[in-house]
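Visitor: Could you work out the structure for the sequence below:
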Amino acid sequence: MALRENQDYAFVPEVMVILEKACFVGTKKHMYVVPDEQVAMEKSLREFLANALSSTYVVESMRVGSKPPRERISELVRDEATTLDSLHAFFVGLKKTWDAVNIIDLELLTRLKVQAGFFGGSISAKKQGNLGYSIVVTSIPKPARNVVKQFYQPIVDAKAGG
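Guide: All right, here's what the predicted structure looks like:
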């Protein structure tokens, strides 16, 4: 049986994480954030200094086959053969290929905040042992804010009570 959007998963093709565009997929067990691109880390101190002095930085982007990640992910979540397990396996494999992929295991969180207000939507999470919250998504587009909030409300409530 095909996955059902907003019941089995939440999908937002374009969110913001700080100043970076990303794609967001959430299930009841995990959240996946795949940025469009990332600033490449310099391979040596010399390269770092040279880039810093010239105000240069290298941006890496990712392709899944011949497609950008968000396009491939959009196809994947709508594919009749996709299951929650195969979806998770896809993101784990993608993370091995591209470290910029962020996979959040919801069971490891002590708190989850999903904001959906007039001025914006965001997701932040707190892991056991951490003093503060970590940003997952800084901006969710208006049409998807309430959908994501409703999707995660039972988990937010359970984490708040636990």
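Visitor: mean confidence for the top helix by length along the chain?
Guide: Using DSSP state H, we find that the single longest helix of the chain is helix 142-161. Helix 142-161 shows a mean pLDDT of 92.
Visitor: and what of stretch 115-124?
Guide: pLDDT averaged over stretch 115-124 gives 88.
Visitor: The chain should start at 33 in everything you say after this.
Guide: Renumbered: residue one is now 33, and that last one reads stretch 147-156.
Visitor: What's the end-to-end length of it?
Guide: Stretch 147-156 has an end-to-end distance of 9 Å (Cα to Cα, to the nearest Å).
Visitor: Go through stretch 136-144 and flag the buried ones.
Guide: For stretch 136-144, the neighbour count (16 or more other Cβ atoms under 10 Å) marks 136, 138, 141, 144 as buried. C-betas here are computed from N, CA, C, even on glycine.
Visitor: how about the strands of the chain, start to end?
Guide: Secondary structure of the chain (DSSP state E): strands located at 42-49, 52-58, 62-67, 69-71, 91-93, 134-137, 141-149, 152-159, 166-169.
Visitor: Who are the contact partners of the residue nearest the centre of the chain?
Guide: In the chain, the centroid-proximal residue (Cα atoms, centre = their mean) is residue 65; its distance is 1.4 Å. Counting by Cβ atoms under 8 Å, 6 or more residues apart in numbering, residue 65 makes contact with 47, 49, 54-56, 133-134, 136, 168-169.
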